[in-house]
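K.L.:
Whatever this is, show me its structure:
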Amino acid sequence: MSEKITVESIRKEYDKMLDYNNGINLDETVKVNENFFVGKQWEGVNANGLPTPVFNFIKRVVLFCVASITTENIKMQASPMSAAVDQNAAGRMGDIANRMFERLFEFNRITDLMREYMRNAAVDGDSCLYTYWDDTADVGNRQKGEIRTEILGNTHVGFGNSADRNVQSQPYILIESRRMTDELQKYAKAHGCSDTDLITPDTDNHDEDAYKHTDDKTTVVMRLWKDEETGTVWACEATDKVIIRKPWDLKLKLYPLTWINWDYVQDSYHGIGMVTGLIPNQIFVNKLYAMSMLSLMTTAYPKIVFDKTRVGKWDNRIGAAIGINGGDVSNVAKIIDPAHIDPQISQFISMVVEMTQTNLGATSVALGDTRPDNTSAIIALQRAAATPQEITKQNLFRSIKELGRIYLDFMASYYGTRTVMLPVPEEAGNEVLAFAGMQPGQELPVPFDYSVFAETPMDLKLDVGASSYWSETAAMQTLDNLLMQDKITIVQYLKRLPAGYVPDLQGLIKEKEQELAAMQMQAQAMPPDGGGNPASGGVLPPGSMAVPTGSGYGELQRAINRTGEVPA
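P.N.:
Below is the predicted model of the structure:
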């Protein structure tokens, strides 16, 4: 390791990160955006007696956009492409990588994380996925250790080059976290730190909210950097007074982070969230509603004015008589009509909300608020509404591709040799398989060294086309059409079915192969002419009439004309 890391150097970089965040007002922006998203839209506002209504259209628009972007079914595909690996080995590597992607996506709930990932980007401006090695996870077969992925807040991540949003080109990356002080002391002692008494709870000299800084938590900064000598990522952890874990080699070639902006800002790794641009509109709508409500509460009800010289006290009881002291009763009292609110106010409120939603692609058609008189037009309008979100969706796909590359990096560095299920190779031959009591396509446990992903010079292409161009339903329709058009056999069809569609698929394939083999043997045993024509030596069943082979009006046709049936 060529770089010298000290507590002072980490603290200096951490202060630089905080200064940059304060310079762009990041913490306050994130706090305000989160409050408006969850509905705390009058936080810190002196209402001066005004009602404080909340008509939160921001949340609906944000959730709609996030759902539209993350609704696709993402599937990672690895395609080894290297001349140094034969086709069979490349196919097996790709199959193993694809299976592990599927398992890791399920293990880490990537589908759920994607929604939270994009929700944070829409509200806060940025979002981050952090991947690490969990050596306590039980993966079966008496093996421990698995790859885990979690979400980090954008205020807890600092890039060494704040003008570049590309993760892998950073000179270093800082990750801030807060841990329980007593647990942190045990962690530091386990990793060789002798100054655990210097690990103390945070004080009130932090710039963040006071409620986050209790007397039992300590801020920890993890520093990640790429070492020039080893070519791998290194890490160390420190508090403001002591290094709790000395630098260690992560054995990774890539930083284990993915980063996404909702909308880019030039020369900054922090972006702008969707909520930031919606807050002025939301404030305007809330204020109009508040003033309208105040007007209704003070002037909406009629008032009665009466002559006190003739009526001593007005009686509002139903059916009660009111006595006056002489004179005409027509001028005793008068009802003052309530003030009317201009209907343009409600129309303008509706127009502001509708235009805000429309400009973000959340039209009434897309939100399902339109009467479906024309199905084709509805579908066309919904697709047109989703077009502005296509750029953000492609950014998400690119980010997930980066996550796939990080997973491959972890597999090559940490998995070692593990047991995988691989199908029996077809080149083994039927005789060898029969001798071993196996069948083609059967899967067997085989040890596989995952370090081959790093050692073999091969290109790995990670396709996320599954999200928009691929689905199991489309694959099934294509296979069904090929089978119905006799372009493929039933065995070819069954071998290409997606997993989980048919129980005991291998057993069914074996039965169909046996049937086809039996039919082929029967066809080979029959004479070339079919064995049913006496003219060529064939023998007919007793009592059946020979089928004439020549031209003319034969005996069989005359028998059919007489009886209307084919004779036995």
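K.L.:
beta partners for residue 223?
P.N.:
Beta bridges link residue 223 to residue 174, residue 236 when assigned by DSSP bridges.
K.L.:
Now the closest residue in space to residue 488 that isn't next to it in sequence: phi and psi?
P.N.:
Spatially, and ignoring its direct neighbours in sequence, residue 488 is nearest to residue 482 (4.7 Å; Cβ to Cβ, 6 or more residues apart in numbering). From N, CA and C alone the C-beta is placed, and that goes for glycine too. Main-chain torsions, residue 482, degrees, to the nearest 10: phi -60, psi -40.
K.L.:
do you know how far residue 482 is from residue 77?
P.N.:
Counting by Cβ to Cβ, to the nearest Å, the gap from residue 482 to residue 77 is 21 Å.
K.L.:
Where does residue 258 fall, secondary structure wise?
P.N.:
In this assignment (DSSP states H and E), residue 258 forms part of strand 257-261.
K.L.:
Tell me which stretches of the stretch 351-500 of the chain form helices.
P.N.:
Using DSSP state H, counting those that start in this stretch, the helices of the stretch 351-500 of the chain run over 375-386, 390-410, 430-436, 452-455, 472-484, 490-495.
K.L.:
Which of those has the lowest mean pLDDT?
P.N.:
Mean pLDDT per stretch puts helix 375-386 lowest among those, at a mean of 52.
K.L.:
in stretch 187-205, what counts as buried?
P.N.:
For stretch 187-205, the neighbour count (16 or more other Cβ atoms under 10 Å) marks 187, 188, 193, 198, 199, 202 as buried.
K.L.:
So which of the residues you listed belong to helices?
P.N.:
187, 188 (DSSP state H).
K.L.:
Tell me the one among the buried residues of stretch 187-205 nearest to residue 180.
P.N.:
Of all those, residue 180 sits closest to residue 187, with 9.7 Å by Cβ to Cβ.
K.L.:
Tell me the spacing between the closest one and residue 260.
P.N.:
According to Cβ to Cβ, residue 187 and residue 260 sit 30 Å apart.
K.L.:
try residue 510
P.N.:
47 Å.
K.L.:
Please apply the same query to residue 92.
P.N.:
In terms of Cβ to Cβ, residue 92 sits 33 Å off from residue 260.
K.L.:
of the two, who's got more company?
P.N.:
residue 260 (22 against 19; other Cβ atoms under 10 Å).
K.L.:
Pull the number of nearby residues for residue 40.
P.N.:
14.
K.L.:
returning to that earlier point: hey, C-alpha coordinates of the strand holding residue 258 in CSV?
P.N.:
Extracted in CSV, the C-alpha atoms of strand 257-261 (Å, rounded to 0.1, in the frame of the first residue of the first chain):
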residue,chain,number,x,y,z
LEU,A,257,-21.0,1.7,-5.0
THR,A,258,-23.5,2.6,-7.7
TRP,A,259,-24.7,6.3,-7.9
ILE,A,260,-27.6,7.8,-9.7
ASN,A,261,-28.9,11.4,-10.1
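K.L.:
Next SSE downstream of that strand?
P.N.:
helix 274-299.
K.L.:
Can you tell me which helices and strands that following helix packs against?
P.N.:
helix 26-38, helix 57-70, helix 110-124, helix 343-359 (3 or more Cβ pairs under 8 Å, 6 or more residues apart in numbering; DSSP states H and E).
K.L.:
Looking at those, spot the one closest to residue 522.
P.N.:
helix 110-124 (50.5 Å).
K.L.:
Mind listing residues that contact that closest one?
P.N.:
29-30, 33-34, 37, 62-63, 65-67, 69-70, 74, 104-105, 126-127, 129, 149-151, 153-155, 260-262, 271, 273-275, 392, 396, 399-400, 403 (Cβ atoms under 8 Å, 6 or more residues apart in numbering).
K.L.:
OK, contacts around residue 352?
P.N.:
281, 284, 285.
K.L.:
ok, so of the residues you listed, who is nearest residue 233?
P.N.:
residue 281 (43.3 Å).
K.L.:
Quick one, grab the pLDDT at the residue nearest to the closest one when sequence neighbours are not counted.
P.N.:
Counting by Cβ to Cβ, 6+ apart, residue 281 lies nearest to residue 356, which is 5.0 Å off, once chain neighbours are set aside. At residue 356, the pLDDT value in this model is 75.
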